[in-house]
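Engineer: Mind folding the following:
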Amino acid sequence: FQGSLDAEAGARGTTYFRGGVGGANERLSWRLAASRYSTDGYSAYATGTEDDGYDNTGLSGRLNLKITDAVSVDLRSVWSSGRADLDAWNGDSRDYGKTQELVAYAGLNFDLLDGRFRNRIGYAHTDTDRRNFNPDNKIQTLTFDAEGQNRRWEYQGAFAVTETLNATFGVEHEKSEMKSRSLGDWNPNADYGRGEAELNSVYGQVQWTVLDGLTLTGGLRYDDHAQYGDNLLGQVAAAWSLNDGATVLRASWGQGFRAPGLYELYSEYGNLDLQPEEVDSWEIGVEQRLFDRAVVSATYFQRDSDNEIDYANCLPGDLHPICSQPYGGYYQNIQKAEAKGVELIGRFDVTERLHLNANYTWTDAKNAVGENEGKRLRRRPEHMGNLAADYDWAFGLKTGLSVRYVGESFNDLENAVKVDAFTLVDLRASYPIDDNLEVYGRIENAFDEEYQTVLGYGTAGRGVFGGVRVSF
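Structural biologist: Model prediction:
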């Protein structure tokens, strides 16, 4: 039997409590947990003057029961209820939204052939309810009303054909439903937009260790979508470990398919003419260990997308039918987009106490056809990097520093409006009082950087937080 409790408080009236208890024996393992988060927040509108708070209560539980050595039952569930203060498109407002979500999973696991053939049958259910309100409305304070359900059955098998050849395969069935509407004084009894989708899938993957250090992987996935028909997707990959594992070469190629989401199709912003997104991507990379104290890696990647889905604002002269409604925009396909780049990662243990981690990504993501051909995709920074330094003091104190850099991006497809680059610095420390009690603190955005990730949306300034962790 074990338990834990975290308690935290800090800037902007923030409090966070999380606790859990659980236990295990040879046949049964279980855990129950609860959490409560609350903050006064900051203005959701960048130039707003009033704070927009957020509250969330969460409950979770899991249980695994071994009926026999080869058969077990797995049960899991998460429930959450939250409230978020919102701002209007043009400034401060008293709008707020409430969201409740329940996620549940039940699975049966069983092994055959002395454990060589592992099987899992599972059912997952997600139920989401969301409502927004404007208390200043005179007739109808409810402004957004939506419900969604997702039900998923799946079987997965994993078979060790030989010591060097493994196969994984499965069958999935998924059905999603939703309804949503926007309403208010201008339309107090708006009708729901309703939609549903059904997807059946079969997949298989083979992993083969051809020779010591060289592993090849190949897979196929077949999707049968009720609205968008059949799709066959492939993937191949290779990993080659050399120099007693000090050098690893990797390469992969894969395809992707995503049908438009129900909200993208059937909401008041929906577009029934949307086509599925299709992606081809590949990458090649190398990882190198240096003197048992450092690891560096470099990866080149490329991704070609057809029919990428984006949101478009209604502009003067736009003849799309939805632009005659007071919603302001709709979802559309970008006919083709291309992204390529390089990712560099490094880890260096300077001493037994000082550890450095860093990464940098250069991404060139652009529209490939149409009037915006050659222009960067919006909100895709070309340069991003992170640096973390951690030091463990001899008397038990642990301290750390993190630096995050995000380069400039564009807020629109025409590349006419820039989002400025920014750098954030965070500090953290923790100290164990004993084996069961730890105190910790951190400073987020230590230099109180003013920045935005999406123009018009607020972001957090400097925040100081502290808390304790107790276990038994």
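Engineer: continuing past the strand or helix carrying N333, what's the next helix or strand?
Structural biologist: If you go by DSSP states H and E, N333 is part of strand 329-349. Where DSSP H and E defines the elements, the next helix or strand beyond strand 329-349 is strand 354-367.
Engineer: so how far is the helix or strand that that following strand is followed by from its chain's centroid?
Structural biologist: Proceeding N to C from strand 354-367, the next assigned helix or strand is strand 383-392, under DSSP H and E. Relative to its parent chain, strand 383-392 has a centroid offset of 21 Å by C-alpha atoms, centre = their mean, to the nearest Å.
Engineer: So which other helices or strands are in contact with the helix or strand where Q100 lies?
Structural biologist: Using DSSP H and E, Q100 sits in strand 96-112. Helices and strands touching strand 96-112, by 3 or more C-beta pairs under 8 Å, 6 or more residues apart in numbering; DSSP states H and E, are strand 71-85, strand 117-133. (C-beta placed from N, C-alpha, C; glycine too.)
Engineer: May I have the strands that pair with the helix or strand just after the last one, each with its orientation?
Structural biologist: Note on strand 117-133: by DSSP H and E, the next helix or strand toward the C-terminus is strand 142-160. Its sheet considered, strand 142-160 pairs with strand 117-133 (antiparallel), strand 165-182 (antiparallel) by DSSP bridges.
Engineer: of those strands, which approaches F447 most closely?
Structural biologist: Closest to F447 of the strands paired with strand 142-160 is strand 117-133 (C-beta to C-beta; 34.8 Å).
Engineer: Output the below-cut-off pLDDT ranges for the protein.
Structural biologist: 326-327 (pLDDT under 70).
Engineer: just checking, C323 touches Y330?
Structural biologist: Yes. Contact criterion C-beta atoms under 8 Å: C323 and Y330 qualify, at 7.4 Å.
Engineer: okay, those two: which has more neighbours?
Structural biologist: The neighbour comparison of C323 against Y330 (other C-beta atoms under 10 Å) goes to Y330, with 23 against 18.
Engineer: looking at the sheet around the more buried one, what are its partners?
Structural biologist: Applying DSSP bridges to Y330 yields these beta-bridge partners: A312.
Engineer: That one reaches N271, doesn't it?
Structural biologist: Yes. With contact defined as C-beta under 8 Å, Y330 and N271 form a contacting pair (5.2 Å).
Engineer: Now for those two: what residues contact both?
Structural biologist: H320, I322 (C-beta atoms under 8 Å, 6 or more residues apart in numbering).
Engineer: Go through the strand holding Q100 and flag the buried ones.
Structural biologist: Residues Y96, G97, T99, E101, L102, V103, Y105, G107, N109, D111 are the ones in strand 96-112 that count as buried (16 or more other C-beta atoms under 10 Å).
Engineer: go on, stretch 60-71?
Structural biologist: S60, G61, R62, N64.
Engineer: just those residues now: which is nearest A460?
Structural biologist: Among the buried residues of stretch 60-71, and counting by C-beta to C-beta, the member closest to A460 is S60, at 26.3 Å.
Engineer: my read is the closest one is in a strand, agree?
Structural biologist: Yes. Secondary structure of S60 (DSSP: H, G, I helix; E, B strand; the rest coil): part of a strand.
Engineer: so what's it up against?
Structural biologist: For S60, counting by C-beta under 8 Å, 6+ apart, the contacting residues are R31, L32, A33, A34, R76, S77, V78, W79.
Engineer: Just give me the closest of these to I334.
Structural biologist: Nearest to I334 among these is V78, at 34.2 Å by C-beta to C-beta.
Engineer: Please give the three-state secondary structure assignment for E264.
Structural biologist: Assignment for E264 (three-state DSSP): helix.
Engineer: gap between the nearest residue to it once chain neighbours are set aside and Q275?
Structural biologist: Ranked by C-beta to C-beta, 6 or more residues apart in numbering and with sequence neighbours excluded, the top spatial neighbour of E264 is Y331, at 4.5 Å. Using C-beta to C-beta, to the nearest Å, one gets 11 Å for the distance from Y331 to Q275.
Engineer: F117 too?
Structural biologist: 40 Å.
Engineer: What of E50?
Structural biologist: Separation of E50 from Q275 (C-beta to C-beta) stands at 42 Å.
Engineer: for E163, same thing?
Structural biologist: Taken as C-beta to C-beta, the span from E163 to Q275 is 45 Å.
Engineer: Among the two, which residue is more densely surrounded?
Structural biologist: Neighbours were counted for E163 and for Q275 using other C-beta under 10 Å; Q275 has more, 14 against 7.
Engineer: Surely that one touches Q335?
Structural biologist: No. Proximity of Q275 to Q335 does not meet the contact threshold set by C-beta under 8 Å, at 9.2 Å.
Engineer: what touches both of those two?
Structural biologist: In contact with both Q275 and Q335: N307, using C-beta under 8 Å, 6+ apart.
Engineer: And the helices and strands packed on strand 96-112: which comes nearest G19?
Structural biologist: strand 71-85 (15.3 Å).
Engineer: the inter-axis angle of that closest one versus strand 96-112?
Structural biologist: For strand 71-85 against strand 96-112, the angle by axes from the mean of the first three to the mean of the last three C-alpha atoms, to 10 degrees is 170 degrees.
Engineer: what's strand 71-85 packed up against?
Structural biologist: So strand 71-85, by 3+ C-beta pairs under 8 Å, 6+ apart, packs with strand 52-66, strand 96-112.
Engineer: count of neighbours near the closest residue to A160 other than its chain neighbours?
Structural biologist: Distance criterion C-beta to C-beta, 6+ apart; nearest residue to A160, sequence neighbours excluded, is R116 at 4.5 Å. R116 has 13 neighbouring residues, counting by other C-beta under 10 Å.
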